[in-house]
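Student: Show me how the following folds:
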Amino acid sequence: MDATTAPAPGAPPPHERHEKRWWTLAAVCGSTFMLLVDITIVQVALPTMQRTLHAGFSDLEWVISAYSLSLAALLLTQGSLADRFGRKRVFMAGVAIFTVSSLVCALSPNAAVLIAARAVQGVGGAGMFATGLALIGQDFVGRERGTAIAIWGATVGAAVAIGPLVGGALTSGLGWPWIFYVNLPVGAATLLIATTRMVNISDPGARRLDLGGLVTFSGSLFLLVLGLTRGADDGWTSGVILSCFAGAALLMAAFVVVELRQERPMFDLSLFRNPSFVGVSLGTLGIGTGMFAMFPYLTLYLQNVLGMSPLQGGLRMLPMTLLTFFVPLALRPVVERTGPGIALGTGLVLAAGGLALMRLVSVTSTWTALLPGMVVGGIGIGIANPAIARTALGVVEPARSGMASGINNTFRLGGVATGIAALGAIFQVRLASSLHASLSHVPRGLGSAVAAGGLRAASQVSGGNAAVVEAARRGFVSGIDQVFVVGAVCVLVGAFFAVLVRGRDFQAQPAGAPVLAPAEAAG
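Tutor: Have a look, this model is predicted:
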């Protein structure tokens, strides 16, 4: 048996693997579907959550960011725990945490409890993300591994594509708590399969947890997002906000020092000696910060300004999300024959172009003004995602593909968390500026009310004053226009770094090696 088909140390005998491997795939796909649907499904429900929980604009940002932050901060740590204690154990712990915290989310009486539960959801999600492909890799070899990876990849694409529709239907029909209740049966079934059908494999050479790296990295991300989220309310030059940014910078510098001194770091900085890995990492950061972080604000516009229901808003998002699923399938032969840097750069440029086209929106627009941008942006994402996955795994030695995949996903999810906060800050500043330019007297609290609740909130604050409502409409459109501009610039910067990706940096991959990175289509 050669090296490409030999089972991993501690793997079950071939006859046992034959019996259990498809159950492993079912459990991993089920958990992945639940995890990724929960990203897009929540975005559609944000306006309804705001009204029922009386949440502020920063609360809505944290509902998304708390989840992304936990995922980004703990993804590599959970991978290390899986090496030490076994993939099955960490996977099961992740599913259990995710499922229980979903119940807490559904029962949340206020925004604070929901945000805390979402952060815990991210802890569980990181355990599921970090072990999903590894579990498939340990049970499948050769051609079957490629088949299993393709099925898993289709699950990823389907989850992202139908998330807005499912979220809209559940929120409109049953109420927003049901977007979390649906996780309970899926989580229970996945745990049952994992308990009875999976095997637990660990790495005998695994070392102790990189606690220093975990504390400094997660602390830096948290302070950065906190500063960006609170800056508009507390003042950008206030001592608290400046301290947040200074603390974030110091902790990130400490993180680099800690990782350089680790024998087996959770974040292997030596990978960044490879120009192609630098290029794909920064490209991933760009699309996470500029494109995926924009989705919540697009949802707020569709529902809070255009007055759509959650289901109607979810349907309007389908042109983009469906393209992210079908474009990789339709263009796969062409993209695989194209240089990796060209494919990545083309996808990112198209994604940036889609954001630029969304600037066709005006105060009198209907949702169709967004359609050209959604189509172009969806095509761009559909080209960029597989190129990112192919490059992130292809430019490192096969033995380091797990670390490379984890770092790439950390850049993506960290970009989403910081992007939501940064775009939110820009949106609020532009909205406030527009309101002051349109009104001689701005009612107290109008800016934050409009940011979170749109035109309905403007009417409530002003007692139905038509001039104030119209000013709120202009301000919201002006704010989201600025979000599109800044998002497009972020993605374009990522496209610029795609030129660092070179074909000669790609390594030979063993037969059946994974060709997709976890969460490759997730926002």
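Student: quick one: least confident helix or strand in this structure?
Tutor: Least confident helix or strand, the chain: helix 142-173 with a mean of 75, by mean pLDDT, DSSP states H and E.
Student: other SSEs contacting that helix?
Tutor: Under the contact definition 3 or more Cβ pairs under 8 Å, 6 or more residues apart in numbering; DSSP states H and E, helix 142-173 sits against helix 14-53, helix 111-139, helix 178-181, helix 310-337. Where C-beta positions appear, they are placed from N, C-alpha and C, glycine not excepted.
Student: Next, count neighbours for S243.
Tutor: 12 (other Cβ atoms under 10 Å).
Student: Now do the same for it: its pLDDT.
Tutor: In this model, S243 is scored at 90, pLDDT.
Student: what ranges of the stretch 201-350 of the chain fall below the confidence cut-off?
Tutor: The model of the stretch 201-350 of the chain has pLDDT under 70 over residues 201-208.
Student: before we move on, back to that, by how many degrees do the least confident helix or strand of the chain and helix 310-337 diverge?
Tutor: 160 degrees (axes from the mean of the first three to the mean of the last three Cα atoms, to 10 degrees).
Student: can you pull the buried residues of helix 142-173?
Tutor: For helix 142-173, burial by neighbour count (16 or more other Cβ atoms under 10 Å) applies to 144-146, 148-149, 152-153, 155-172.
Student: so how far is that helix off the chain centroid?
Tutor: Centroid separation for helix 142-173 versus its chain: 14 Å, with Cα atoms, centre = their mean, to the nearest Å.
Student: Use 523 as the first number for this chain going forward.
Tutor: In the new count, where the first residue is 523, that last one comes out as helix 664-695.
Student: sorry, back to before: among the helices and strands packed on helix 664-695, which is nearest H958?
Tutor: Set against H958 and scored by Cβ to Cβ, the helices and strands packed on helix 664-695 come closest in helix 536-575, at 23.4 Å.
Student: List the buried residues in that closest one.
Tutor: Buried-residue list, helix 536-575, by 16+ other Cβ under 10 Å: 539, 542-543, 546-572, 575.
Student: Show me where the stretch 723-872 of the chain has its helices.
Tutor: Using DSSP state H, counting those that start in this stretch, the helices found in the stretch 723-872 of the chain span residues 733-756, 761-783, 797-812, 817-822, 832-859, 862-879.
Student: Dump those into a markdown table; add distance to R719 as well.
Tutor: Below are these laid out as a markdown table (distance: least, Cβ to Cβ, whole Å):
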| stretch | distance to R719 |
| --- | --- |
| helix 733-756 | 31 |
| helix 761-783 | 37 |
| helix 797-812 | 33 |
| helix 817-822 | 35 |
| helix 832-859 | 28 |
| helix 862-879 | 37 |
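Student: do you know which of the ones you listed lies nearest A944?
Tutor: helix 733-756 (5.1 Å).
Student: re the thing from before, can I get the helices and strands packed on helix 664-695 in CSV including distance to A954?
Tutor: Output for those, formatted as CSV (distance: least, Cβ to Cβ, whole Å):
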stretch, distance to A954
helix 536-575, 18
helix 633-661, 22
helix 700-703, 31
helix 832-859, 25
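Student: With respect to A815, which of those helices lies nearest?
Tutor: helix 536-575 (10.6 Å).
Student: Which strands and helices lie in contact with the next helix-or-strand element following that closest one?
Tutor: Per DSSP states H and E, helix 536-575 leads on to helix 579-607 as the next helix or strand towards the C-terminus. Counting contacts by 3+ Cβ pairs under 8 Å, 6+ apart, helix 579-607 packs against helix 536-575, helix 609-628, helix 633-661, helix 733-756, helix 817-822, helix 923-960, helix 968-984.
Student: Helix 579-607 versus helix 633-661: what angle between them?
Tutor: 30 degrees.
Student: Next up, phi/psi of the residue sitting furthest away from the middle of the chain, please.
Tutor: Distance from the C-alpha centroid of the chain, by Cα atoms, centre = their mean, peaks at S962 (40.6 Å). As for S962, its main-chain torsions (degrees, to the nearest 10) stand at phi -70, psi -30.
Student: check contacts around it.
Tutor: By Cβ atoms under 8 Å, 6 or more residues apart in numbering, S962 lies in contact with nothing.
Student: Okay, it and S956: tell me how far apart.
Tutor: Going from S962 to S956 by Cβ to Cβ, to the nearest Å gives 14 Å.
Student: One more: L593?
Tutor: 34 Å.
Student: Looking at those two, which is more packed in?
Tutor: Remark: of L593 and S956, L593 carries more neighbours, 31 against 23, as counted by other Cβ under 10 Å.
Student: Quick check, that one in contact with A648.
Tutor: Yes. The pair L593 / A648 is scored as a contact, 5.2 Å apart, by Cβ atoms under 8 Å.
Student: Low-confidence regions, the stretch 573-722 of the chain specifically.
Tutor: Across the stretch 573-722 of the chain, the ranges flagged by pLDDT under 70 are 655, 663-664, 667-668, 671-672, 675, 679.
Student: got the domain boundaries for this structure?
Tutor: Here the domain parsing of the chain from automatic domain parsing is 523-727, 733-783.
Student: Please identify which of these is closest to A973.
Tutor: Taking the domains of the chain one by one with Cβ to Cβ, domain 523-727 is closest: 3.9 Å.
Student: how much distance is there from that closest one to the middle of the chain?
Tutor: 13 Å.
Student: Can you list the buried residues in stretch 609-629?
Tutor: 609-628.
Student: how far does stretch 963-979 sit from the chain's center?
Tutor: Using Cα atoms, centre = their mean, the offset of stretch 963-979 from its chain centre is 28 Å.
Student: C-alpha coordinates for that stretch, PDB please?
Tutor: The C-alpha coordinates for stretch 963-979 follow below in PDB (Å, rounded to 0.1, in the frame of the first residue of the first chain):
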ATOM      1  CA  HIS A 963     -32.800  70.100  13.600                       C
ATOM      2  CA  VAL A 964     -32.000  66.400  13.900                       C
ATOM      3  CA  PRO A 965     -34.100  64.700  16.600                       C
ATOM      4  CA  ARG A 966     -32.200  63.100  19.400                       C
ATOM      5  CA  GLY A 967     -31.200  59.500  18.600                       C
ATOM      6  CA  LEU A 968     -32.400  59.700  15.000                       C
ATOM      7  CA  GLY A 969     -29.200  58.600  13.500                       C
ATOM      8  CA  SER A 970     -28.800  55.400  15.500                       C
ATOM      9  CA  ALA A 971     -32.500  54.600  15.200                       C
ATOM     10  CA  VAL A 972     -32.400  54.900  11.400                       C
ATOM     11  CA  ALA A 973     -29.200  52.800  11.200                       C
ATOM     12  CA  ALA A 974     -30.900  50.000  13.100                       C
ATOM     13  CA  GLY A 975     -34.600  50.300  12.100                       C
ATOM     14  CA  GLY A 976     -34.700  52.300   8.900                       C
ATOM     15  CA  LEU A 977     -37.700  54.300   7.800                       C
ATOM     16  CA  ARG A 978     -40.100  52.800  10.400                       C
ATOM     17  CA  ALA A 979     -37.800  53.900  13.200                       C
END
